[in-house]
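Visitor: Sequence plus predicted model, see below.
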Amino acid sequence: MRQALGFILSLFIHAGLIASALIAFPHTRRLTEELTVVPVELVTLARETNVRVARPEPEPEPEEVIETPAPQPAPEPEPEPVQPEAQPEVIPPAPQDEPEPEPEPTPPEPEPEPEPEPEPVPTPRPREPEPRQESLDLNALSQLVDRSRDNAAPQGQAETGEQRNRVGAGTDMTASLQAMAASHMNRCIRSNADAPANMDLRVSLEIRLERNGRLSVPPRLIDEARIMNSPNSFLRVAGERALRGAIECQPYPLPPEHYAQWRVLRVNVDTQRNR
């Protein structure tokens, strides 16, 4: 590769020298041809003459010779770095196992004294997680209370008259109506999903309904004092959710021809089943 580049470089240099010779030599020949020999005669002149002195002709200026620079040789490409060959790893020979010295006989250790047994620490009972407290809709309850004051007297009279005429006659019908009201109410009661699975969260409600299926008075928890004052926070939340669900589920789709049986109903609700 280097010999080829040297040959090309030498070729360009010789070509440049030949070109410069062809350009420079014709000018020198022209200068020699223009010089002519003039014979000179010596004449005796007077002191004053009328002959004007001939001005010397100006010599022609030589033409500038423009030398073309020789082309520069192309730079040689840098040789690619030669990657060193990977030397094979020299695996040292495995050391020969030296014979282990025989262990010295150790004296027998003294028997440790028996440690006193630690007193059992009573494990604390895991605290049940507090359920989320929900506030009751006091505005809805107050509106129902106001409506119950206006309808308390005539409803009480009609109730006593109709119930006296049908005591013991509609037991099966009443149970069926209670189941229908409970099934409808369970759709609106939020479940206690955060309560333990084995906890009894059943509550009972008393609801009083108008003929159109809406509540005539606010719902009431049966055994309200035990539920709302219970140390079990899950039971208190279950009672509050049952009251809220009874209000939100009205009107109740009960048969109007049996209004006398479902005017006052006792509904059992189990919030554990609503998971």
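Guide: That came in fine, so what should we check first? Numbering: from 1, shown residues only.
Visitor: contacts, neighbours, all on C-alpha from now
Guide: OK.
Visitor: Show the pLDDT at G6.
Guide: Per-residue pLDDT puts G6 at 77.
Visitor: Sticking with it, tell me its helix or strand.
Guide: helix 2-34 (DSSP states H and E).
Visitor: With L243 instead?
Guide: Going by DSSP H and E, L243 is part of helix 233-248.
Visitor: Packing partners of that helix?
Guide: helix 171-186, strand 202-208, strand 220-221, helix 224-228 (3 or more Cα pairs under 8 Å, 6 or more residues apart in numbering; DSSP states H and E).
Visitor: Format the ones you listed as TSV; extra columns: mean neighbour count and mean pLDDT.
Guide: What follows is the helices and strands packed on helix 233-248, written out as TSV (neighbours: other Cα atoms under 10 Å; pLDDT from 0 to 100):
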stretch	mean neighbour count	mean pLDDT
helix 171-186	17	87
strand 202-208	19	92
strand 220-221	18	93
helix 224-228	15	90
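Visitor: buried sites along stretch 212-222?
Guide: 213-222 (16 or more other Cα atoms under 10 Å).
Visitor: same question, stretch 262-275
Guide: Buried residues in stretch 262-275 (16+ other Cα under 10 Å): 262-272.
Visitor: just for the stretch 101-250 of the chain, where's the confidence low?
Guide: Within the stretch 101-250 of the chain, the stretches with pLDDT under 70 are 101, 103, 105-170.
Visitor: How much space separates P196 from R226?
Guide: 20 Å (Cα to Cα, to the nearest Å).
Visitor: swap in V264?
Guide: V264 is 22 Å from R226, by Cα to Cα.
Visitor: ok, M185 touching P251?
Guide: No - counting by Cα atoms under 8 Å, M185 stays clear of P251, with 10.1 Å between them.
Visitor: before we move on, back to that, list the ones among the buried residues of stretch 262-275 that fall in helices.
Guide: W262 (DSSP state H).
Visitor: Mind picking the two most distant members of the buried residues of stretch 262-275?
Guide: Using Cα to Cα, the buried residues of stretch 262-275 span at most 27.1 Å, a distance reached by R263 and Q272.
Visitor: Counting neighbours, what do you get for I189?
Guide: 23 (other Cα atoms under 10 Å).
Visitor: ok, it touching G239?
Guide: No - using Cα under 8 Å as the test, I189 is too far from G239 to be in contact (10.2 Å).
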